[in-house]
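Q: have a look; sequence and predicted model below, questions after that.
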Amino acid sequence: MAWNRWYRIRSYIGSSLWVIPFVALVLEQIALRGALAVSGKLDWTPLWPLAQEATSTALQTIITLTLSFLVFTFGSILVAIQVASGQLTPRIIATALLRDNVIRLTAGLFVFTLLFAIGAGARLNASGPRLILWLAGFLGLASIGAFLHLIDYAARLLRPGSILWRIAEDGRKVIKDVYPRPVQDADGGLRAPPLGKPDLTIAHRGSARVVIAVNIPALVAEARRADCFVELVPRVGEFVGVGEPLFRLFGGKAANAKKLIGSVALAPERTIEQDATFAIRVIVDVAIKALSPAINDPTTGVLAIDQIHRLLRMIGQRHLHDEIVKDADGKGRLVLRTPDWDDFVQLACCEIRLYGGGNFQIARRLRAMIEDLIANLPERRHPPLRQELRLLDLAIDRLYLSPEDQALARTPDMQGLGGGGVVSRT
């Protein structure tokens, strides 16, 4: 199986709510038969305290409860998805809600308990195996506890602060993987030179898709085998239409196009796994929706800037600019373009400044973030930050009429309003 197909399957499984309940169905069949086999070999099993009629009633109650839990869980998820996507952004559905393992495992427990109780009831008789009755009872109690926990967990999960924190955590993991090296002031990064006319261009076939992941070692290995230089034209996160160039090869007529194409995973929409900018994109979307006149929730905007702040501080401490990937012999084999520092700063600041610059909370919190980054990041990271600070001052001059309001909006504040002046965090 090609790497890109395997990657798409793995990504689909990781973001699909039905997979764990389906696995629970298989595991229940194994567990029930295993319990029956063990029960026949046990010399001693605790006495079951209920009579046959009462046991049948108890099992029916467990079946009814778990079925109700399943209906409530999936119904609540649908409502939560509608509300959260409307109030925050639709992109949190795949990035946060459907990938949540607590929800998926809880649904799997309900399915397991439901089927196990049905199996236990079907085998109920006067001298029925007591082990499966005890297991069904414990599973019923576990399902009730899990359901109560799920209600509390879902209420906490759907708060804007929790959603933003989860997305930022995913973003931190991607940043560590994509940019493993720390930044150095004297290191300008390795940029790809002008490559000229390619010897071979490989176009994208099939449906139009977004690049979500790249198997870099496989591309380098194939380029080395064919003794060529490969340019991956789109960046991770970019849309590729049918017939658009996917690869440009220089001296690569002997390269295996199928292997190269199989090393790039595409999907209908962006994901966070290898897309270092997508986490910030989602958080910015939440912020600008909160700042829209229809919602007018600047506090959520401040919460979004909190997470953007820690992501930018982490990114600013890492080396970003290598575009040429070398093989084991130190020879350049692959051009893989990734976002640079200017891209991250503009993505994080421009739209929030545009839509929220007229709000005191946003103007103050945005300034606090920029000034803190200037104080704590290397000198080579400062120019785009100073540019954003200048643009924020221009926006304040344009949007606030009185000198008093302008002075208030220019006061950096980590809380937006209420925190007073700040000292940069070192």
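A: Received the coordinates, thanks.

Q: quickly find the element holding the residue nearest to residue 172 when sequence neighbours are not counted.
A: Excluding its sequence neighbours, the residue lying closest to residue 172 (Cβ to Cβ, 6 or more residues apart in numbering) is residue 314, at 6.2 Å. For the C-beta atoms, the positions are set from N, CA and C on the backbone; glycine is no exception. Using DSSP states H and E, residue 314 maps to helix 298-316.

Q: which other helices and strands contact that helix?
A: On a contact count with 3 or more Cβ pairs under 8 Å, 6 or more residues apart in numbering; DSSP states H and E, helix 298-316 meets helix 160-178, helix 278-290, helix 341-356, helix 360-376.

Q: so of these, which one's packed in deepest?
A: helix 278-290 (a mean of 24; mean count of other Cβ atoms under 10 Å).

Q: with just CA atoms, put it into CSV.
A: Output of helix 278-290 as CSV, limited to C-alpha atoms (Å, rounded to 0.1, in the frame of the first residue of the first chain):
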residue,chain,number,x,y,z
PHE,A,278,-3.2,25.6,10.4
ALA,A,279,-3.4,25.7,14.2
ILE,A,280,-2.9,29.4,14.1
ARG,A,281,-5.4,29.7,11.2
VAL,A,282,-8.1,28.0,13.2
ILE,A,283,-7.4,30.1,16.4
VAL,A,284,-7.5,33.3,14.3
ASP,A,285,-10.8,32.2,12.7
VAL,A,286,-12.2,31.8,16.2
ALA,A,287,-11.0,35.2,17.2
ILE,A,288,-12.3,37.1,14.2
LYS,A,289,-15.7,35.4,14.4
ALA,A,290,-15.9,36.4,18.1
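
Q: other residues contacting it?
A: 87-89, 91-92, 95, 160, 163-164, 167-168, 170-171, 174, 237, 270-272, 295, 297-301, 304-305, 307-308, 311-312, 344, 347-348, 351-352, 355-356 (Cβ atoms under 8 Å, 6 or more residues apart in numbering).

Q: and that helix with helix 160-178, angle?
A: 160 degrees (axes from the mean of the first three to the mean of the last three Cα atoms, to 10 degrees).

Q: the inter-axis angle of the helix holding residue 314 versus helix 360-376?
A: Using the same axes, to 10 degrees: helix 298-316 against helix 360-376 is 10 degrees.

Q: next, the angle helix 341-356 makes with helix 298-316.
A: Using the same axes, to 10 degrees: helix 298-316 against helix 341-356 is 170 degrees.

Q: give the rounded mean pLDDT of helix 298-316.
A: Mean pLDDT, helix 298-316: 95.

Q: next helix or strand past it?
A: Next along the chain after helix 298-316, taking DSSP H and E as the criterion, comes strand 324-326.

Q: show residues contacting the helix or strand just after that following strand.
A: Next in sequence after strand 324-326, counting helices and strands by DSSP H and E, comes strand 332-335. For strand 332-335, the surrounding residues in contact (Cβ under 8 Å, 6+ apart) are 192, 195, 216, 219-220, 223-224, 228-232, 323-327.

Q: follow-up on the earlier one: what is the burial count for the residue nearest to residue 172?
A: 15 (other Cβ atoms under 10 Å).

Q: do residue 253 as well
A: For residue 253, using other Cβ under 10 Å, the count is 9.

Q: doesn't it fall inside a helix?
A: No. Residue 253 is assigned coil when assessed by DSSP: H, G, I helix; E, B strand; the rest coil, not a helix.

Q: distance of it relative to residue 73?
A: Residue 253 sits 56 Å away from residue 73, going by Cβ to Cβ, to the nearest Å.

Q: what is the worst-scoring helix or strand of the chain on mean pLDDT packed up against?
A: Every helix and strand of the chain was ranked by mean pLDDT, DSSP states H and E. The lowest is helix 92, at a mean of 74. Helices and strands touching helix 92, by 3+ Cβ pairs under 8 Å, 6+ apart: there are none.

Q: next, residue 248: secondary structure please.
A: Strictly by three-state DSSP, residue 248 counts as strand.

Q: cool, and the one 10 residues further on?
A: Per three-state DSSP, the local secondary structure of residue 258 is helix.

Q: which of the helices and strands packed on helix 298-316 sits closest to residue 77?
A: helix 160-178 (14.3 Å; Cβ to Cβ).

Q: from residue 31, how far off is residue 22?
A: Relative to residue 31, and taking Cβ to Cβ, residue 22 is found at 15 Å.

Q: more crowded one of these two?
A: residue 31 (18 against 12).

Q: if I read this right, the more buried one contacts residue 113, doesn't it?
A: No. Look at residue 31 against residue 113 with Cβ atoms under 8 Å: they stay out of range, at 10.8 Å.

Q: I'd guess residue 235 is in a strand, am I close?
A: No. Under three-state DSSP, residue 235 falls outside any strand and is assigned coil.

Q: chain neighbours aside, what residue packs nearest to it?
A: residue 337 (5.0 Å).

Q: what about the one you found, how many residues nearby?
A: 16.

Q: is it in a helix, a strand, or coil?
A: Residue 337 - assigned by three-state DSSP - is coil.

Q: residue 53 looks like it's in a strand, true?
A: No. Counting by three-state DSSP, residue 53 falls outside a strand, being helix.

Q: give me the pLDDT value at it.
A: pLDDT, read off for residue 53, is 78.

Q: what about it, how many neighbours?
A: Residue 53: 9 neighbours (other Cβ under 10 Å).

Q: and for residue 221?
A: Counted with other Cβ under 10 Å, residue 221 comes out at 17.

Q: next up, the contacts around it.
A: Counted by Cβ under 8 Å, 6+ apart, residue 221 has contacts residue 327.

Q: also residue 393?
A: Contacts of residue 393 by Cβ under 8 Å, 6+ apart are residue 410.

Q: which element is it on?
A: helix 382-399.

Q: helix or strand right after that helix?
A: Assigned by DSSP H and E, the successor of helix 382-399 is helix 403-409.

Q: just how off-centre is that following helix within its chain?
A: The chain centroid and the centroid of helix 403-409 are separated by 38 Å under Cα atoms, centre = their mean, to the nearest Å.

Q: let's see it as CSV, backbone CA atoms only.
A: Provided in CSV are the C-alpha atoms of helix 403-409 (Å, rounded to 0.1, in the frame of the first residue of the first chain):
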residue,chain,number,x,y,z
PRO,A,403,-6.3,61.3,23.1
GLU,A,404,-7.5,59.6,26.3
ASP,A,405,-8.9,56.6,24.4
GLN,A,406,-5.8,56.4,22.3
ALA,A,407,-3.6,56.3,25.4
LEU,A,408,-5.8,53.6,26.9
ALA,A,409,-5.7,51.5,23.7
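
Q: what is it packed up against?
A: So helix 403-409, by 3+ Cβ pairs under 8 Å, 6+ apart, packs with helix 360-376, helix 382-399.
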